[in-house]
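[1] what shape does this take:
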Amino acid sequence: MTHASADIGTRNYATRLSAGTHELVADERPQAGGGDTGATPHEILCAALAACTAITLRMYAQRKQWSLQGLQVDVDLQIQGEARTITRRLRLTGDLSDAQRLRLADIAERTPVTVTLKRGAAITTVLEPAVAAAPAAPTTRL
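    Numbering: from 1, shown residues only. Alright, predicted model coming up:
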């Protein structure tokens, strides 16, 4: 099972993310009321797809001993009303045949994150018991 958590205080909308042993920051742009201290949640979603694609294709090319020297993955999420469209662009560098390039594009359609996004995932929300806010620290007057 993969796990991540988010923790937000009172500062709009900086959110500390924990994923495995790594710390990240998410936020919103100033026009949405945030401080732009990190990527937006949709940008993190795009980055997850891009990273999974790059890692999977690198693993595949290594296993096949193909000359994939470099790979750039660009992911765009377009939201128009209720419609959402993701476009992924692959830039492959190296001495690859057309058949190898096509095979890598085919493999990109089956990366773990791609499959999760395409199939969707059931999301269950569990409301934990209430936790009382910590009392404010006493102030001292000088």
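
[2] break this protein down into its domains, please.
    Using automatic domain parsing, the domain parsing of the chain gives 1-39, 40-120.

[3] and the longest one, average pLDDT?
    Read that as domain 40-120. Domain 40-120 carries an average pLDDT of 98.

[4] what segments of the chain are strands?
    Secondary structure of the chain (DSSP state E): strands at 4-8, 15-19, 22-26, 68-80, 83-94.

[5] tell me which of those strands sits most buried.
    The highest mean neighbour count among the strands of the chain, using mean count of other C-beta atoms under 10 Å, belongs to strand 15-19: a mean of 15. Backbone N, C-alpha and C define where each C-beta goes, glycine included.

[6] within its sheet, name the partner strands of it and how each one runs.
    With DSSP bridges as the test, strand 15-19 is paired with strand 4-8 (antiparallel), strand 22-26 (antiparallel).

[7] can you redo these as TSV with distance to Glu109 and mean pLDDT?
    Shown next, in TSV, are those (distance: least, C-beta to C-beta, whole Å; pLDDT from 0 to 100):
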stretch	distance to Glu109	mean pLDDT
strand 4-8	25	97
strand 22-26	27	97
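
[8] of all those, which one is nearest Val113?
    Set against Val113 and scored by C-beta to C-beta, the strands paired with strand 15-19 come closest in strand 4-8, at 13.2 Å.

[9] list of residues touching that closest one?
    Strand 4-8 is contacted by residues 14-20, 26 when judged by C-beta atoms under 8 Å, 6 or more residues apart in numbering.

[10] would you mark the buried spots in stretch 56-71?
    Buried residues in stretch 56-71, counted by 16 or more other C-beta atoms under 10 Å: 56-57, 60-61, 66, 68, 71.

[11] first vs last residue of it, how far apart are they?
    With C-alpha to C-alpha, to the nearest Å applied, stretch 56-71 spans 11 Å between its terminal residues.

[12] looking at the strands paired with strand 15-19, which is closest to Ala32?
    strand 22-26 (12.1 Å).

[13] for Val113, give its distance to Ala133.
    Plainly put, Val113 is 37 Å away from Ala133 if you go by C-beta to C-beta, to the nearest Å.

[14] check Ala108 too.
    46 Å.
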